[in-house]
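Enquirer: Using only what follows, build the 3D model:
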Amino acid sequence: MSTSVLSYVQAPSVLCDTDIALIIPSYQRPYVWPSEDVIALLDQIITAHDTNAPHYYIGTVLTSVVTSRAPSHARTTYEVIDGQQRMTTLMLLALALTAVVPDNALAQFVVLDKKPRLVFAIRDEVQRLFGAWAGLEEEEGPRRSSPADEDYLKHLSAARKALADHLGSLLKQKDEEYLASIADYIFSKVRWVNNIMPKGMDLNRLFSTMNNSGVQLEQSDILKARLLSKIERLKLRYDAIWQACENMDDFFERNLRRVFPAADWKRLKNEDLAEYCAETFPLQPVTSQVGQGVSIAQLAKQPVPVTHEPKEKVERIRYCRPIISFSLLLMHTFRIYQQMNGGEDVEVRLHDSRLNEYFEDFIDSAEAKQAKAFIECLWQVRYQFDRWVVKWLPEPDSDTWYLRQTNVQLKQSEEGYRLTRTPLESSDLSQLQSVRNFTGERSAQYWLTPFLGELVAGTARTQARVVALLERIDNELSLAEDSQKDASFMLLMGDRPAQRDIGSILEDLNVPQGTRFEHYWFQKLEYILWRERGRFNFYDSKKLGGYRVTSKNSVEHVHPRKEEFGRLMDAKHLDSFGNLVLLSPGENSSYSNQSVGKKREDFKGKSRYDSLKLAHMFNAKAERDWDETAISGHQKKMLGLIASHYGQGQD
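Expert: Numbers count the residues shown, from 1 in each chain. Next comes the predicted model:
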């Protein structure tokens, strides 16, 4: 297998002589060149023509040879990985010139064997429009198209209109012969370097580092294109399902409302969203509103606003932030899909950067039925994810975001009935998920596989049952001897992974380790103290209400190793679990090496608890000195609570 990149200098004439077709893959972002950039390119080519320049280069194009989706009339087909904006613009130039001067050499660049040479994968409306512009079919009224197609149609039509206006103006100044000579120049002298990727090259890794007109090309876009290429019928339907699932910065029902506006949103309840139903979520025919474009003369007449203020960058509104990326959600979904269909786990570890590697075997073997089933499974997983998994939400009148659970209800608003999200106060479910989110392999969040799998299967439907489900999963993963990846898939399959006894964990926690203690057990204890909050009467209800498990990675000695007054303590107590608490670096530095009494006063002055374990420690300090006896008593009590939570002994 060749590993070399082949580079060729090409021109429209070369593609015509060798019957080469071009495919713009569906993972590419829409055509975005503004009209002024298109006109600027044409003017630069005209200048090169007028000065008898031997050639004019439009840059470098990156392609790969494809066979599975190649048009039957092409000898060779290149999939355009990078350079689609320039190649599409070049085709628009050919179309515009051919419309003005039909009998020119460049006309043959537009068509290959009575079909458009440039193919837009799965974008039927865009392809139809190009066919109409090339005179191959009637330019009928609008048909059904996706929102992504609408973006293509708008920008393509605006660019073509601007070119037509510019060439029409030029025709009045010159004549058809002059424009024909420009067409001849483009046909043979406008060139580019085509870098052809070798077969077998890891394009997925290449894609992840490429930018397309300033927009990062996501690996999920590539996976989507590869899956949709398996589906011959109902591409738009499954494309729409994907669109509804991929925006993780908004809630699922809001995505669905945008993608399926024809659904009966006045009556749909949240439970109706659990599975995809074609009758419930019909695709609405989109009325094409193709932009008419603006001529250069019209642009010149428009007033230009005068401002001395720098332009602000417009950012997409983020209503929420997920705890995992869409790529990770796809990986968890595939594990659940495998379990549903009796398959095995994929050997590749879960990580954003390995998405397409993860799906490689599936893509190679899947047929339309499997591709559709996976995308329908994705819908179910995304629904359960938004219903039960915490999201980052902004605090009112604050720039701070916290992990919170939400509730969905059908309510009447000024726009009519709609499903509305309401943030919930801290709960057992949100606190335990926070523990999981901030500990373990955070780049994978393996606990989500069995959790979401059970939810999709319908084994837990109430808050209490969902909490019990997650407690079981968390307990078993925390004791698993196998890797979290293997253990999580075993739990999904209904098996129990090999486990350590909780007694051995408690023995380890009884050994003084100072800052070497595993952070998970501090966070898990925080959850247990929260869960059992009704048993302790010294909590301040207001501070408890504002308490949340947060990201913490700094182990603090409550009795300092270097206490400000020089009080010393034996290492077996100083570095014991009973004298330690997990805090954020900022919280840790705020206490510094102060005496225990001063730390307690600082703790009392805060509006919410830093740590529930710390609250217990300072409550004990209020009753006695924080000495060896107090530390031993606190440690015994905390480890007893952990043992009880795992069903061993009495606390």
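
Enquirer: How much space separates the residue most central in space within the chain from G458?
Expert: The C-alpha lying nearest the average C-alpha coordinate of the chain belongs to F326 (Cα atoms, centre = their mean; 3.4 Å). Distance from F326 to G458, counting by Cβ to Cβ, to the nearest Å: 24 Å. Bear in mind the C-beta positions are built from the backbone N, C-alpha and C, glycine included.

Enquirer: Equivalent analysis for Q370, please.
Expert: With the distance defined as Cβ to Cβ, Q370 ends up 23 Å from G458.

Enquirer: just C245 next, same as before
Expert: Counting by Cβ to Cβ, the gap from C245 to G458 is 20 Å.

Enquirer: These two: which has the busier surroundings?
Expert: C245 (26 against 9; other Cβ atoms under 10 Å).

Enquirer: If we ignore the residues flanking it in sequence, what's nearest that one?
Expert: Using Cβ to Cβ, 6 or more residues apart in numbering and skipping residues adjacent in sequence, the residue nearest C245 is R382, 4.4 Å away.

Enquirer: Kindly report the same for G440.
Expert: The shortest distance from G440 to any residue that is not its chain neighbour, by Cβ to Cβ, 6+ apart, is 6.1 Å, and that residue is Q484.

Enquirer: And V193, by the same measure?
Expert: Take V193 and drop its neighbours on the chain: the residue closest to it by Cβ to Cβ, 6+ apart is T60, 4.7 Å away.

Enquirer: from what I can see that neighbour touches M87, true?
Expert: No: in this structure, T60 sits apart from M87 without contact. The criterion is Cβ atoms under 8 Å, and the distance is 11.4 Å.

Enquirer: Next, work out how far apart N619 and Y591 are.
Expert: Using Cβ to Cβ, we find N619 at a distance of 17 Å from Y591.

Enquirer: Neighbour count for the two, which is higher?
Expert: Under the neighbour definition other Cβ under 10 Å, N619 and Y591 were set side by side, and Y591 has more, 21 against 14.

Enquirer: close enough to count as contact, that one and R600?
Expert: No: with contacts defined as Cβ under 8 Å, Y591 does not count as touching R600, sitting 9.9 Å away.

Enquirer: what comes up buried for the longest strand seen in the chain?
Expert: Criterion DSSP state E: the longest strand present in the chain is strand 56-65. Residues 56, 58, 61-64 are the ones in strand 56-65 that count as buried (16 or more other Cβ atoms under 10 Å).

Enquirer: next SSE after that strand?
Expert: Counting by DSSP states H and E, the element after strand 56-65 in chain order, helix or strand, is strand 76-82.

Enquirer: In terms of secondary structure, what does that next one contact?
Expert: The elements that strand 76-82 packs onto, with contact taken as 3 or more Cβ pairs under 8 Å, 6 or more residues apart in numbering; DSSP states H and E, are strand 20-24, strand 56-65, strand 190-197, helix 203-208.

Enquirer: Show the average pLDDT along it.
Expert: Predicted confidence along strand 76-82 averages 87 (mean pLDDT).

Enquirer: moving C-terminal of that strand, what's the next helix or strand?
Expert: Read in the C-terminal direction, the helix or strand following strand 76-82 is helix 84-100, with elements assigned using DSSP H and E.

Enquirer: Report the angle between that following helix and strand 76-82.
Expert: Helix 84-100 runs at 120 degrees relative to strand 76-82, counting by axes from the mean of the first three to the mean of the last three Cα atoms, to 10 degrees.

Enquirer: Report the backbone C-alpha coordinates of helix 84-100 in PDB.
Expert: Only the C-alpha atoms of helix 84-100 are listed here, as PDB (Å, rounded to 0.1, in the frame of the first residue of the first chain):
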ATOM      1  CA  GLN A  84     -14.400  22.800  -1.500                       C
ATOM      2  CA  GLN A  85     -15.100  26.600  -1.300                       C
ATOM      3  CA  ARG A  86     -12.600  27.300  -4.100                       C
ATOM      4  CA  MET A  87     -13.700  24.400  -6.300                       C
ATOM      5  CA  THR A  88     -17.400  25.300  -5.800                       C
ATOM      6  CA  THR A  89     -16.600  29.000  -6.700                       C
ATOM      7  CA  LEU A  90     -14.700  27.900  -9.800                       C
ATOM      8  CA  MET A  91     -17.800  25.900 -10.900                       C
ATOM      9  CA  LEU A  92     -20.000  28.900 -10.200                       C
ATOM     10  CA  LEU A  93     -17.700  31.000 -12.500                       C
ATOM     11  CA  ALA A  94     -18.000  28.400 -15.200                       C
ATOM     12  CA  LEU A  95     -21.800  28.400 -14.800                       C
ATOM     13  CA  ALA A  96     -22.100  32.200 -14.900                       C
ATOM     14  CA  LEU A  97     -19.800  32.500 -17.900                       C
ATOM     15  CA  THR A  98     -21.600  29.800 -19.800                       C
ATOM     16  CA  ALA A  99     -25.000  31.500 -19.100                       C
ATOM     17  CA  VAL A 100     -23.600  34.700 -20.700                       C
END
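
Enquirer: Just checking, which helix or strand succeeds it along the chain?
Expert: Moving toward the C-terminus from helix 84-100, the next element (DSSP H and E) is helix 107-110.

Enquirer: OK, contacts around the residue nearest to the centre of the chain?
Expert: Contact partners of F326, counting by Cβ atoms under 8 Å, 6 or more residues apart in numbering, are 218, 220, 245-246, 248.

Enquirer: TSV please, covering those and showing secondary structure and distance to R404.
Expert: Output for these, formatted as TSV (DSSP: H, G, I helix; E, B strand; the rest coil; distance: Cβ to Cβ, whole Å):
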residue	secondary structure	distance to R404
E218	coil	27
S220	helix	26
C245	helix	21
E246	helix	22
M248	coil	16
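
Enquirer: re the thing from before, I'd like the buried residues of strand 56-65 laid out as a markdown table, including pLDDT and distance to P394.
Expert: A markdown table is the format used below for the buried residues of strand 56-65 (pLDDT from 0 to 100; distance: Cβ to Cβ, whole Å):
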| residue | pLDDT | distance to P394 |
| --- | --- | --- |
| Y56 | 86 | 51 |
| I58 | 86 | 45 |
| V61 | 86 | 43 |
| L62 | 85 | 40 |
| T63 | 87 | 44 |
| S64 | 86 | 43 |
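
Enquirer: JSON lines for those residues, including distance to E232?
Expert: Supplementary listing: the buried residues of strand 56-65 in JSON lines, determined by distance: Cβ to Cβ, whole Å:
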{"residue": "Y56", "distance to E232": "41"}
{"residue": "I58", "distance to E232": "35"}
{"residue": "V61", "distance to E232": "29"}
{"residue": "L62", "distance to E232": "28"}
{"residue": "T63", "distance to E232": "25"}
{"residue": "S64", "distance to E232": "22"}
